[in-house]
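A.B. asks: Could you work out the structure for the sequence below:
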Amino acid sequence: MNASGAARTLRVESEGMVLEIEAGGPDARLSLSRDDGRYLTAGLGDLLAVSVGRPWRPAFPGAGGTTVHRSGAGLTARCAVGPLEAEATFAFGEGALHTEVTWRNAGERPLRDVVVGLALPLPDATAASVTLPGVLYRGNPSADPDRTVPRLGVGPRGGGLVVEEHRLPVPGVHAEWHGPGGDRFLTLYARDPGEGSLGAVAREGTALLALSGPVMFDGRPDVAYTHKATTAPHHGGYRDLAPGAALTLRHALRWGRPERPGHGFRDLVHHGLRRYAPSGARPLSLDGIVELKTAALDRRWREAAGAAGYVKFPGPGHAPGFMYGWTGQCLRLAWCDARLGLERGEEWRLERCRRAVDFYLDGSARGAPPGLRLSFYHLGERRWTGFERGGRPFVSARAFGDTLGDLADVIALLREHGRAVPESWVTALDQGLDAVCRGLLPDGLVPLGWASADGAPLPEPPGAAGLPCVLALLRAQRVTPSPALLATAAELLGRYQRAHADDFATPFAHATLDAACEDKEGGIAFFLSAYELLLLTGESRYRAWAAAAADWLLTWVYQWNPAYPPGSPLRERGFDATGWPAVSVQNHHVDVFFPVHELARFGELAGRPEYTALADTMIHAMGQGICARPGEWDFDGPGEQAEGFFPTHWQARGTSNTWNPSWVTAQVLANALRLRAAPAAEG
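C.D. replies: Numbers count the residues shown, from 1 in each chain. Below you'll find the predicted structure:
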């Protein structure tokens with residue numbers, strides 16, 4: 001307030017972002033704006049949340065006795081908020097508005113079970129879409145409504161979802177909405193990610209939250225998502241403040257207009273990359289990764305009673321068998337064997353690859369509709385089977401598409417090196433692609449799969465599960481170039497782009513076959529398909545589609561390394577999650593499934609060095625957890641690596657499992673072999 005007692009407005013700005021605080025009463029009014037208008041306007045008391053006691057609640061006692069003054073290049077406000085005193089400093093830095101709020105117990109009694117934090121009430125909140133990386137994508141609209149998965153929710157007392165910062169690959173919460181003049185976004189980042197929490201509540205409106213650590217699931221405080229479709233009580237995040245004790249929280253805010261509607265998350269990713277500058281662990285060279293993963297490949301080879309291939313699990317406790325596509329990737333391993341054989345002059349590896357492909361093509365069509373193939377071979381029972389859904393056997397489009405693409409890659413690799421390829425392999429590839437094109441849904445998308453009895457497309461919504469079939473159509477262009485099939489693939493990908501990647505209102509989902517929800521793997525197949533079309537046609541729209549999909553995929557990639565509980569295996573072993581991707585909104589662990597090689601190459605093609613640098617970080621980070629000698633990481637055989645590492649309270653935080661299906665070997669080995677052949681990708 002000035003000498004006359006009138007209100008006064010203090011203002012700071014940077015890079016088009018403007019903060020104004022109007023002071024002149026018991027509370028102060030804060031607004032965030034750009035030249036296209038205001039993004040947020042609220043009283044300071046509406047931004048400062050204080051809860052004392054259990055269970056916590058998003059409570060706003062209001063601000064009293066507020067003073068505001070300039071402090072250096074920023075603004076500082078002081079006020080009373082319930083039983084606490086708060087000092088909030090706002091200053092621009094690193095392309096965002098930095099906030100630092102210190103909460104102090106100015107009373108004479110200790111305060112127990114305190115929760116404090118920052119809230120950002122969104123202006124047109126009913127239409128806002130909220131993203132929590134790896135957890136919540138625009139409400140998770142494709143998640144099975146009968147399964148428990150994270151949702152913002154709208155329960156009788158209102159909805160809310162607040163999660164631990166260490167659950168978030170990019171430690172921020174992001175919202176996008178349609179406002180005057182177009183779409184807008186607002187992102188709230190943790191500046192010192194660790195034991196705090198981020199999320200949103202939806203009651204009278206939607207507000208983003210950055211808190212001192214408590215959680216909320218579907219509007220229920222002190223509940224966390226702890227396993228597939230499972231929640232459990234979680235009472236972390238409460239603080240005790242003795243008289244005079246203080247707690248400080250630091251965050252960053254960034255707001256603006258997305259490049260196009262629904263694409264605001266891309267700023268979330270790229271500002272995060274600049275802010276957190278991810279640089280992960282590098283325990284092994286590419287040569288070291290290849291050598292260890294080759295040992296795991298060789299351990300999986302089986303040849304007996306006419307069967308030949310790579311078992312999904314090499315050790316005891318598993319019925320031996322081959323799986324093609326998805327979590328088996330038997331023919332991807334055959335490609336790796338052939339690639340190693342060509343590099344090393346080891347003809348026996350090429351012969352193993354040939355026998356593995358021959359065995360698959362000779363037997364997998366039995367019991368399947370014309371052109372389609374089964375995905376499992378049981379060595380002990382000497383029989384082929386497919387997937388089942390609701391008791392009905394079917395051919396999975398995801399697994400079949402993966403395998404067709406791998407078959408095309410094997411053929412192309414051998415031909416590239418002047419090796420003969422049986423015509424029967426090419427015929428099988430063509431027949432499989434024809435079956436895919438014949439078996440589309442009425443809306444022109446690839447179905448979830450086809451009934452084993454008659455080849456009829458499954459009627460369930462397919463999501464992105466069929467995209468690997470589109471990718472196979474494109475990879476087959478290296479084998480038998482076909483303008484007609486290329487046009488078909490381009491038309492199909494256009495349908496998926498309109499369905500999932502135009503405004504991302506219905507994000508990629510249902511590609512992870514055990515999780516009917518939004519998942520990383522659906523986005524992977526779209527990115528790879530757009531990348532292949534860019535290589536084949538050079539058209540700029542495919543560069544744009546691939547870039548958008550790459551950015552969506554990077555919302556799943558850890559840009560920082562959470563701390564693990566004292567004494568936990570990941571802490572004791574020095575595991576660094578930076579560069580590791582999460583899996584799905586149902587499965588909150590990290591794994592090695594990611595198109596690292598193609599991300600690196602796309603970065604070079606598109607002139608985006610940040611992609612290439614991040615791919616280099618990722619492939620070396622994935623050298624962690626690989627058993628180098630018996631007993632390491634709880635494995636007996638060198639080269640083995642877990643499917644799941646747990647950086648958050650999903651299963652057991654700070655641990656990893658010993659589930660080692662063959663895809664873990666196939667993914668890392670194939671990426672490392674390709675990157676090793678192109679040293680420019682190493683930075």
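A.B. asks: Distance check, the residue lying closest to residue 466 once chain neighbours are set aside against residue 409.
C.D. replies: Nearest residue to residue 466, sequence neighbours excluded (C-beta to C-beta, 6 or more residues apart in numbering): residue 446, at 2.5 Å. C-beta here means a position set from N, CA and C on the backbone, and glycine is covered the same way. Using C-beta to C-beta, to the nearest Å, residue 446 is found at 19 Å from residue 409.
A.B. asks: and the two? which has more neighbours close in?
C.D. replies: The neighbour comparison of residue 446 against residue 409 (other C-beta atoms under 10 Å) goes to residue 446, with 28 against 22.
A.B. asks: Give me the distance between that one and residue 399.
C.D. replies: 12 Å.
A.B. asks: Also residue 442?
C.D. replies: 23 Å.
A.B. asks: same deal with residue 160?
C.D. replies: 38 Å.
A.B. asks: what do you get for residue 195?
C.D. replies: For residue 195 relative to residue 399 (C-beta to C-beta), the value is 40 Å.
A.B. asks: Kindly report the same for residue 191.
C.D. replies: Taken as C-beta to C-beta, the span from residue 191 to residue 399 is 43 Å.
A.B. asks: okay, the two: which has more neighbours?
C.D. replies: residue 399 (26 against 19).
A.B. asks: Mind checking what secondary structure the more buried one has?
C.D. replies: Per DSSP: H, G, I helix; E, B strand; the rest coil, the secondary structure class of residue 399 is helix.
A.B. asks: for it, what are its contacts?
C.D. replies: Counting by C-beta atoms under 8 Å, 6 or more residues apart in numbering, residue 399 touches 323, 324, 325, 326, 328, 375, 387, 513.
A.B. asks: same question, residue 14
C.D. replies: Neighbours of residue 14 in contact, by C-beta under 8 Å, 6+ apart: 92, 95, 97.
A.B. asks: Turn these into TSV, columns for neighbour count and secondary structure.
C.D. replies: Below are the contacts of residue 14 laid out as TSV (neighbours: other C-beta atoms under 10 Å; DSSP: H, G, I helix; E, B strand; the rest coil):
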residue	neighbour count	secondary structure
92	19	strand
95	15	coil
97	23	strand
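A.B. asks: what's the closest of these to residue 60?
C.D. replies: Of all these, residue 97 has the smallest distance to residue 60: 20.5 Å, by C-beta to C-beta.
A.B. asks: next one: phi and psi at the closest residue in space to the closest one that isn't next to it in sequence?
C.D. replies: Leaving aside its chain neighbours, residue 97 sits nearest to residue 253 (4.4 Å; criterion: C-beta to C-beta, 6+ apart). Torsion angles at residue 253 (phi, psi; degrees, to the nearest 10) stand at phi -120, psi 140.
A.B. asks: Now do residue 253 against residue 456, distance only.
C.D. replies: Taken as C-beta to C-beta, the span from residue 253 to residue 456 is 52 Å.
A.B. asks: okay, those two: which has more neighbours?
C.D. replies: Ranked by neighbour count (other C-beta under 10 Å), residue 253 and residue 456 place residue 253 first, with 24 against 13.
A.B. asks: so that one sits right up against residue 32, yeah?
C.D. replies: Yes - assessed by C-beta atoms under 8 Å, residue 253 is found in contact with residue 32 at 7.0 Å.
A.B. asks: overlap in contacts of those two?
C.D. replies: Joint contacts of residue 253 and residue 32 (C-beta under 8 Å, 6+ apart) are 97, 186.
A.B. asks: what stretches of the protein score poorly on pLDDT?
C.D. replies: Along the chain, the model assigns pLDDT under 70 to residues 1-6, 124-126, 154-158, 679-683.
A.B. asks: Now do the same contact list for the residue positioned nearest the centre of it.
C.D. replies: Nearest to the mean C-alpha position of the chain, counting by C-alpha atoms, centre = their mean, stands residue 556 at 2.2 Å. Residue 556 is in contact with 133, 134, 169, 520, 581, 582, 583, counting by C-beta under 8 Å, 6+ apart.
A.B. asks: and if you look at residue 371?
C.D. replies: Contacts of residue 371 by C-beta under 8 Å, 6+ apart are 431, 432, 434, 435, 436, 438.
A.B. asks: Thank you kindly, that will do.
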